[in-house]
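> output the structure for:
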Amino acid sequence: MGLTTEQVSLVQTSWAKCVPIADVAADLFYNKLFELDPELRPLFPADLADQKKKLMNMITVAVDGLSDLAALVPAVQDLGKRHAVYYKVTAPMFDTVGAALLDTLEKGLGEAWDAEHKEAWTLVYGVLSKTMIDAGDAAVKAA
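Okay, the predicted model is just below:
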């Protein structure tokens, strides 16, 4: 994956600071996501409460899984397949999600957010989103 031990640690320790404010972080994320691309809103249920919990849980699983990539990659591939096949998520949408995630982290972490955190999170998101996109593209072609 190309992540250093320090970058994994930065992502994991910074996410641990977001977990206690999960409700606020989820609100920040979806508000920013729909601000960046209002056309994404119809892809989600009217009541986002369950979706917000799913998002925060999935990020937690992914962040924790950075310590065991062999177990994480198949789960991320499955997630990519589901998003592509069932929700019709396309590759460009991942850029918007990434921007919303980084914005959420910056706001949620405040002064704890710095260039090193941004670099580590950008790298992690880039690798995980590419894994999802590749798996989703393959699933769509196979369907």
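
> residue 117 contacts residue 13, doesn't it?
No. Assessed by CB atoms under 8 Å, residue 117 is found out of contact with residue 13, at 9.3 Å. Using the backbone N, CA and C atoms, a C-beta is placed for each residue, glycine as well.

> point out where this structure drops to low pLDDT.
Applying pLDDT under 70 to the chain flags the ranges 1.

> residue nearest the centroid of it?
residue 59 (5.8 Å; CA atoms, centre = their mean).

> give the full set of residues in contact with the residue found closest to it once you drop the neighbours it is linked to in the chain.
Residue nearest to residue 59 in three dimensions, not counting chain neighbours: residue 15, with 6.8 Å by CB to CB, 6 or more residues apart in numbering. Taking CB atoms under 8 Å, 6 or more residues apart in numbering, we find residue 15 in contact with 59-60, 63.

> ok, those residues vs residue 136, which is closest?
Of all those, residue 59 has the smallest distance to residue 136: 18.2 Å, by CB to CB.

> how much space between that closest one and residue 140?
To residue 140, residue 59 is 24 Å away according to CB to CB, to the nearest Å.

> cool, and residue 58?
Residue 58 is 21 Å from residue 140, by CB to CB.

> residue 14: what secondary structure?
Of the three states, residue 14 takes helix according to DSSP: H, G, I helix; E, B strand; the rest coil.

> check the chain for its longest helix and report it.
When the chain is parsed with DSSP state H, its longest helix is helix 115-142.

> no more questions from me, cheers.
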